[in-house]
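> Kindly return the folded structure for what I paste below:
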Amino acid sequence: MKELNPSLPLKQIQSEMKALQSQIQVLEQERAALTINNDAITHEDDSPFAIVEAYRRQARENAQLFAEIKGIEDAIAALDTQLQHKKAELARLPRRQQRINQEQQLEAAKEVAQVHAERINEIAQELAAEIRLLKACADQLSPLYWQVYYKPFITGFKTISVPYVRSDGAVWTIVNRIV
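Numbering: from 1, shown residues only. Below is the predicted model of the structure:
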């Protein structure tokens, strides 16, 4: 099975988000530097019309500067939209990552269970062989044991069973095999 690395998309998205935030910060600083000395000076007693006219006049006088500021603001808005998409993607990632982690844990647990099941089946085969050998000894000793002690040497061989693990591919079952 291909080894999945669920942290790769997480790290990639986080680094892309950092790059977007860094670029937005650079653009905001650039915009602040361009507007620091070019703010329209307004007084509290200026009318709304006077304030609008002051900004319009300043925009006409510095058209190139205001076009550059507008371009910076548009770039910030576009980068901010990308950043919001990355945040949404990051919010969805934990569910996907959790599913991948669960699948990996399941595969690892199944491998461990497979090892144990194989060992149980090996021990069951050994135990079955030992029981058969013991039954053969009992069959040899029983007539003499009856003569000496008036009772059987060993009983219960018809109900002796050993566990065995089998699987149909999806479900594992532990069954008892009569020895």
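> From now on I want contacts and neighbour counts done on CA atoms only, so please keep to that.
Noted.
> Got the phi and psi for the nearest residue to residue 87 once chain neighbours are set aside?
Nearest non-adjacent residue to residue 87, counting by C-alpha to C-alpha, 6 or more residues apart in numbering: residue 17, 7.7 Å away. Backbone torsions for residue 17, taken as degrees, to the nearest 10, come to phi -70, psi -40.
> before we move on, what about residue 162?
phi -130, psi 150.
> before we move on, back to that, let me know whether the residue nearest to residue 87 touches residue 85 as I believe.
No: counting by C-alpha atoms under 8 Å, residue 17 does not reach residue 85; the two are 9.6 Å apart.
> Check which element follows the lowest-mean-pLDDT helix or strand in the chain along the chain.
One helix or strand of the chain scores below all others by mean pLDDT, DSSP states H and E: helix 48-61, with a mean of 81. Next in sequence after helix 48-61, counting helices and strands by DSSP states H and E, comes helix 63-149.
> That following helix vs helix 48-61, what angle?
90 degrees (axes from the mean of the first three to the mean of the last three C-alpha atoms, to 10 degrees).
> as a whole number, average confidence for helix 63-149?
Taken as a whole, helix 63-149 has an average pLDDT of 88.
> any idea how far stretch 167-179 is from the chain center?
From the chain centre to the centre of stretch 167-179 is a distance of 32 Å (C-alpha atoms, centre = their mean, to the nearest Å).
> Over to stretch 89-105?
Here the centre of stretch 89-105 is set off from its chain's centre by 3 Å, with C-alpha atoms, centre = their mean.
> Please identify the buried residues of that stretch?
Going by neighbour count (16 or more other C-alpha atoms under 10 Å), the buried part of stretch 89-105 is 90, 93, 97, 101, 104.
> Wait, the second one touches residue 13, no?
No: counting by C-alpha under 8 Å, residue 93 does not reach residue 13; the two are 9.5 Å apart.
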